[in-house]
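J.: Structure for this input, please:
(chains A and B)
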Amino acid sequence: MNQGLQFDDTGRLRHLLTTEGLSRQTIVEILDTAESFISMGEREIKKIPLLRGKTVVNLFFESSTRTRTTFEIAAKRLSADVINLNVSASSTSKGETLLDTIRNLEAMHTDLFVVRHAESGAAHMIARHVPAHVRIINAGDGRHAHPTQGLLDMFTIRRHKGAFEKLKVAIVGDILHSRVARSQIHALKALGVAELRVVAPKTLMPTAVEKLGVRPYTRMEEGLEGVDVVMMLRLQRERMQGAYIPSEHEYFNLYGLTPAKLSLAAKDAIVMHPGPMNRGLEIDSAVADGPQSVILPQVTYGIAVRMAVMALIMGGASTSRESGMRDSASKARAPTERKKRK
Amino acid sequence: MTAAIDVEAALTRMVEQLRPALKSKPLMIGIHTGGAWVAEQLHQQLDLQEPLGTLDISFYRDDFTRVGMNPQVRTSHLPVNVEDRHLILVDDVLHTGRTIRAALNEIFDYGRPASVMLACLIERGGRELPIEPQVVGERVKLGKNQHVKLLGPEKLELRIQEANG
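T.: Sure, this is the predicted structure:
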């Protein structure tokens, strides 16, 4: 994938397509901005005018009620106009190509597309073809990336555990097919986590996964030993038909997170899950609803993180359209130029 | 070229101008960063009993689509309900008026105050919006190539500098 595509000439984030290649500084900036959005929940009017007059299209070629809803809430809290399009049920079934769909939506003066697609690289492809003033956020593409999920996970860890440099983290489940795991791994490595483990059966472990800077474990008990953060992955039930795992029962016995297995982690370890959970398959209800679970806070934080990403990539987005030049606004803008007006 | 302004004297003048307004039991709100520093001083000298509120207007800037997000947003914090309250909004330097406009927009997203009084340590020319302060520490006339900056927070110090200085 072309990682440079998501930055402009000044190194500023223009699209969010993947966490791969994001610097620690960029991730921290996103998390800090998200932190300032969290307090909005305390206000009478949970809305700020940053994206007033902007049009955000949630373009979902693959259904996902929760992710789409959190993007929708995030955009609406920023005062954007939001349109939800479930494309699999409309345009593509009429034979329209992906780019035809995008061009039609551009003609409606869309400013930001939030894209989910079953094909890896779909968001990158769209980002390469939209005009300079249009922004793209990848809301999950195939097995490749789900960057806002990865970033909200980082936000959750920072809120509950503090500095990354001291943490041992285990990602458990279907590492092979998981775009969430990839996004988590890139972000955790950028943030300098002390130790990063991946735990999966051999059939769900990518070959040469060590090249990503992680330690693979095929026995969950070993993988969880002393970790501070347990990040569970959702197991797609359709994998069951692919002979990746012998049975749901056996998978749960070996890789399901139970209180007994969790007791091997640090006493104050937190448990995370991107949802929706398969209770009794990858996680026991006693853990999912237990005191170490931060699964529901993850959902709340997801809105603030998505607001932060939208605000950061949309800042400066309109001038380039007005000037008709490819991202001329961002060339003229540097962080040092941002100062308070009087 | 730099020149200094006597901050202590300016604050004293503001305190005297604000005293009559205390009858309405106002809530004081400072705008980050300099305005919050000034507000802390006034809050202390006026012996206000309710906690000081602070505003970061970054999310309300009218030039967001041109300059982007402020990388160092501080969280706004209004400790009590502003609904039907008399407010004293404090900033360090009043120049174009756009910061005050953003602050007013933000305040009204918290509630509808009974009134808002604007208090500024320095009032300079160059207004781009019809916004004027009721309380002023010092009025200065500056050229377009000059700006005034408040240094702090331990010791507040005002400097007038040439834009390229």
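
J.: bridging residues for the residue most central in space within chain B?
T.: What sits nearest the mean C-alpha location of chain B, by C-alpha atoms, centre = their mean, is B:D91, with 0.8 Å. In this structure, B:D91 bridges to B:C120 when assessed by DSSP bridges.

J.: is any part of the helix or strand hosting B:I100 close to chain A?
T.: If you go by DSSP states H and E, B:I100 is part of helix B:98-110. Yes: for helix B:98-110, a contact with chain A is found by C-beta under 8 Å from any C-beta of the partner chain, at B:98-99, B:105-106, B:109-110. In this view, the C-beta of every residue, glycine as well, is placed from N, C-alpha and C.

J.: Please identify which of those is nearest to B:L42.
T.: Nearest to B:L42 out of those is B:T99 (C-beta to C-beta; 17.7 Å).

J.: before we move on, the earlier item: neighbouring contacts of the helix holding B:I100?
T.: Identification of contacts with helix B:98-110 by C-beta atoms under 8 Å, 6 or more residues apart in numbering or on different chains yields A:43-45, A:47-49, A:340-342, B:29, B:31, B:55, B:57, B:59-63, B:76, B:78, B:81-82, B:87, B:89, B:91, B:94, B:113, B:116, B:118, B:128-129, B:131.

J.: all helices in the stretch 51-200 of chain A, in order from the N-terminus.
T.: Taking DSSP state H, counting those that start in this stretch as the test, the helices found in the stretch 51-200 of chain A are A:65-77, A:98-106, A:122-129, A:147-161, A:179-190.

J.: Surely A:M272 and A:L296 touch.
T.: No: here A:M272 lies out of contact with A:L296, judged by C-beta atoms under 8 Å, at a distance of 10.7 Å.

J.: who's more crowded, these two?
T.: Higher neighbour count among A:M272 and A:L296: A:M272, with 24 against 12, using other C-beta atoms under 10 Å in any protein chain shown.

J.: Enumerate every residue touching the more buried one.
T.: Taking C-beta under 8 Å, 6+ apart, we find A:M272 in contact with A:153, A:156-157, A:229-232, A:294-295, A:298.

J.: give me the beta-bridge partners of it?
T.: Note on A:M272: beta-bridge partners A:M231, judged by DSSP bridges.

J.: likewise A:T55?
T.: As for beta bridges, A:T55 partners with A:D81 under DSSP bridges.

J.: Might one say that it is in contact with A:D111?
T.: Yes: using C-beta under 8 Å, A:T55 is in contact with A:D111, at 5.3 Å.

J.: When the two are compared, which one has more neighbours?
T.: Taking neighbours as other C-beta under 10 Å, A:T55 and A:D111 compare with A:D111 leading, 22 against 17.

J.: Next one: the more buried one, what pLDDT does it get?
T.: Residue-level confidence at A:D111 comes out at 95, pLDDT.

J.: so it sits right up against A:V56, yeah?
T.: Yes: between A:D111 and A:V56 there is a contact at 6.8 Å, judged by C-beta under 8 Å.

J.: Quick check: the residue of the stretch 101-250 of chain A found nearest chain B vs A:T18, distance?
T.: In the stretch 101-250 of chain A, the residue that lies nearest chain B is A:D111 (9.6 Å; C-beta to the nearest C-beta). A:D111 is 21 Å from A:T18, where distance means C-beta to C-beta, to the nearest Å.

J.: A:R66 now?
T.: Distance from A:R66 to A:T18, by C-beta to C-beta: 21 Å.

J.: cool, B:D92 as well?
T.: Counting by C-beta to C-beta, the gap from B:D92 to A:T18 is 42 Å.

J.: again with B:K144
T.: The value you get for B:K144 to A:T18, if C-beta to C-beta is used, is 45 Å.

J.: Who has more neighbours out of those two?
T.: For B:K144 and A:T18, the more surrounded residue by other C-beta under 10 Å is A:T18, and the numbers stand at 27 against 8.

J.: Give me the secondary structure label for the more buried one.
T.: Classification of A:T18 by DSSP: H, G, I helix; E, B strand; the rest coil places it in coil.

J.: A:Q184 is in contact with that one, correct?
T.: No: when contacts are counted by C-beta under 8 Å, A:T18 is not listed as touching A:Q184 (11.8 Å).

J.: Neighbours of A:R279, how many?
T.: Neighbours of A:R279 under the rule other C-beta under 10 Å: 15.

J.: Is it in contact with A:A286, as I believe?
T.: No: applying C-beta under 8 Å, one finds A:R279 not in contact with A:A286, separated by 9.7 Å.

J.: Find the residues that touch each one of these two.
T.: Residues touching both A:R279 and A:A286 (C-beta under 8 Å, 6+ apart): there are none.

J.: could you show me where the strands are in the chain, in order?
T.: Just so you know, I chose chain A. A:55-60, A:81-86, A:112-117, A:135-141, A:168-172, A:195-199, A:215-217, A:229-232, A:270-272 (DSSP state E).

J.: let's do chain B instead
T.: Going by DSSP E, chain B shows strands at B:2-5, B:27-31, B:53-55, B:86-94, B:115-124, B:135-140, B:146-151, B:157-162.

J.: Make a markdown table from the ones you listed and add mean pLDDT to it.
T.: Formatted as a markdown table, the strands of chain B follow (pLDDT from 0 to 100):
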| stretch | mean pLDDT |
| --- | --- |
| strand B:2-5 | 68 |
| strand B:27-31 | 97 |
| strand B:53-55 | 94 |
| strand B:86-94 | 97 |
| strand B:115-124 | 97 |
| strand B:135-140 | 95 |
| strand B:146-151 | 87 |
| strand B:157-162 | 85 |
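
J.: any chance of the ones you listed in a markdown table, plus distance to A:R179?
T.: Below are the strands of chain B laid out as a markdown table (distance: least, C-beta to C-beta, whole Å):
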| stretch | distance to A:R179 |
| --- | --- |
| strand B:2-5 | 55 |
| strand B:27-31 | 42 |
| strand B:53-55 | 39 |
| strand B:86-94 | 46 |
| strand B:115-124 | 49 |
| strand B:135-140 | 56 |
| strand B:146-151 | 47 |
| strand B:157-162 | 51 |
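
J.: Compare these and give me the one nearest A:L224.
T.: Going by C-beta to C-beta, the one of those nearest A:L224 is strand B:53-55, 43.3 Å.

J.: tell me what the closest one is packed against?
T.: Secondary-structure packing of strand B:53-55 (3 or more C-beta pairs under 8 Å, 6 or more residues apart in numbering or on different chains; DSSP states H and E): strand B:27-31, helix B:34-45, helix B:98-110.
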